[in-house]
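A.B. asks: sequence first, predicted coordinates after that:
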Amino acid sequence: MINQMRPLIFSTALPPFNVAWTHFIFERLPQFSKERTHLEQLSAFLRQEVEHRTQIMPSQTCIVPYILGENEATLAKAKDLQEQGYYCLPIRPPTVPKGTSRIRLSLTADMTMDEVKQFVACL
């Protein structure tokens, strides 16, 4: 859609670079099966370890919620993890329901199992 006004013409379409980059990535997705498998293994391990420490929240992705419940505990734990070098941000109400404050743990395929184990030891 293109909207025109006397001094301005703008479009809600994606910029050509974004379209080209998306096309580039989609063509290469089949080549990433090894990385996806590795990330699935890391995610399963982290979910298992988190479930021993907190209430369980179903997650099948590489983003694992670490639910601590109260705001104060969540803020304190996030600060502790940040001081240890981990970029972990607290998620609190109204973003999540009251009493379910959490830290969102995100994994990438570039991580190693040893790195995830070191992180789990900090929890």
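C.D. replies: Structure received.

A.B. asks: quick one: low-confidence residue ranges for the protein.
C.D. replies: Regions of the chain meeting the criterion pLDDT under 70 cover residues 1-10.

A.B. asks: could you redo the last one with a cut-off of 90?
C.D. replies: Where the chain drops to pLDDT under 90, the residues are 1-15, 29, 51-61.

A.B. asks: where along it do the helices fall?
C.D. replies: 16-28, 33-51, 71-83, 113-122 (DSSP state H).

A.B. asks: list the contacts for residue 49?
C.D. replies: Contacts for residue 49 (Cβ atoms under 8 Å, 6 or more residues apart in numbering) come out as 120, 123. Placement of C-beta: from N, CA and C, glycine included.

A.B. asks: of the helices of the chain, which approaches residue 102 most closely?
C.D. replies: Distance to residue 102, taken as Cβ to Cβ, is lowest for helix 71-83 among these, at 6.5 Å.

A.B. asks: include distance to residue 105 when you put the helices of the chain into TSV, please.
C.D. replies: Below are those laid out as TSV (distance: least, Cβ to Cβ, whole Å):
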stretch	distance to residue 105
helix 16-28	24
helix 33-51	6
helix 71-83	9
helix 113-122	8
